[in-house]
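In: Have a look; sequence and predicted model below, questions after that.
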Amino acid sequence: MDRRSFIKSSLFGAALTAGVGSTMSSAQPAAGAKNPAVLRLSSQEWLIPGRSLKEKVEKLIKWGGAGIELGPGLNPKDVLAAIEGTPIKVSAICAADGPYIVDDKDQQRKAVENAKRILDRAGEVGSTGVIMVPAFNGAGGNKQLKNPEARKLLIDLLREMGEHAVKAKCRMLLEPLNRGEAWYLRQLADAASICRDVNSPGIGMMGDFYHMHVEETSDMGAFISAGQYLHHVHLASRSRARTMPHQDNSDYRDGFRGLKYIGYQDFMSLECGCRGDRDVETPKTFAYLKQQWEEATI
């Protein structure tokens, strides 16, 4: 199931439905890392059963979660009321998808202005950042841009969005996807090089274990290549079903070693399907991920 279909079906399911120990643990910092890495588990809001955001936040606390990932239509007042007095923070906002890399200047402006509006709301709730995919396969009806043109255009747009993000006290997060879903930006090192060239604290990036399984030769190497620019991670099984991490015994330890090496401080969030009852399976997957984290020694 591709990412767009997954999010749409998950949001639809959430609209219909309207205890493990703490998952924050640390590792000693590797050479060059300023602080020990932390495991801060999160979940996309529409994947948590519940009639209200407050009820979903309470479930995350019970399961040992640390963050909640929200959609772009969030109401800051409602979000702040739901998390007030709890240990739950807003991880990322998913997503401001564009497309951005198109010849159509009107579409470019539409995408950028939409991203700015989401950044404002994300900053109000203290979010890590707003996820963006530069261009899905077929999006915008234009695949004629060559990589140098696409890169230059994206950097120009990111500089503008990065300036706005700083004012909003948030950041935009580039998300590389696999070749089956996106014609541009597939590897973490490429995203990191774009962040470097934009050179703005308002621009960062993320990684997704599911897409990395297709595009990267080493999870650890990919995260190390992302380094200081990495500010979010998506969790899902490595199989085509993109289900809960524990449901096909996917191994995350190589990637977790990379995160420990760079002293990763931000969230890892579930973006996945589920076989069975999420109220039962989510705490199981949180426990599984904590175990994998502890076993990922460097």
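Out: Okay, I see it.
In: does residue 178 really touch residue 216, like I thought?
Out: No: the pair residue 178 / residue 216 is not scored as a contact, 9.8 Å apart, by C-beta atoms under 8 Å. (Glycine included, C-beta is placed from N, CA and C.)
In: So between these two, which is more surrounded?
Out: residue 216 (23 against 18; other C-beta atoms under 10 Å).
In: quick one: strands adjacent to the helix or strand hosting residue 69?
Out: Taking DSSP states H and E as the definition, residue 69 sits inside strand 67-70. Strand pairing for strand 67-70, using DSSP bridges, gives strand 40-44 (parallel), strand 89-94 (parallel).
In: And the next helix or strand after that strand, what's buried?
Out: Next helix or strand after strand 67-70 toward the C-terminus (DSSP H and E): helix 76-83. Neighbour counts using 16 or more other C-beta atoms under 10 Å place 76, 79, 82, 83 of helix 76-83 among the buried residues.
In: returning to what we had before: for the strand holding residue 69, the distance to its chain's centre please.
Out: 10 Å (C-alpha atoms, centre = their mean, to the nearest Å).
In: list the contacts for the closest residue to residue 123 other than its chain neighbours?
Out: Counting by C-beta to C-beta, 6 or more residues apart in numbering, residue 123 lies nearest to residue 168, which is 3.6 Å off, once chain neighbours are set aside. Counting by C-beta atoms under 8 Å, 6 or more residues apart in numbering, residue 168 touches 116, 119, 120, 122, 123.
In: Now do the same for residue 168: its pLDDT.
Out: Listed pLDDT for residue 168 reads 98.
In: Then residue 1?
Out: We have a pLDDT of 58 for residue 1.
In: Equivalent analysis for residue 146, please.
Out: 83.
In: Buried ones in the longest helix seen in the chain, by neighbour count?
Out: Secondary structure of the chain per DSSP state H: the longest helix is helix 147-168. Under the neighbour-count criterion of 16+ other C-beta under 10 Å, helix 147-168 has 150-151, 153-155, 157-158, 161-162, 164-166, 168 buried.
In: Check the residue nearest to residue 98 when sequence neighbours are not counted and give its pLDDT.
Out: In space, and not counting its chain neighbours, residue 98 is closest to residue 111: 4.1 Å by C-beta to C-beta, 6+ apart. For residue 111, the model assigns a pLDDT of 95.
In: what helix or strand is residue 111 on?
Out: Counting by DSSP H and E, the element that carries residue 111 is helix 105-124.
In: on that earlier part again, and the residue nearest to residue 98, how far from residue 154?
Out: Using C-beta to C-beta, to the nearest Å, one obtains 11 Å as the distance from residue 111 to residue 154.
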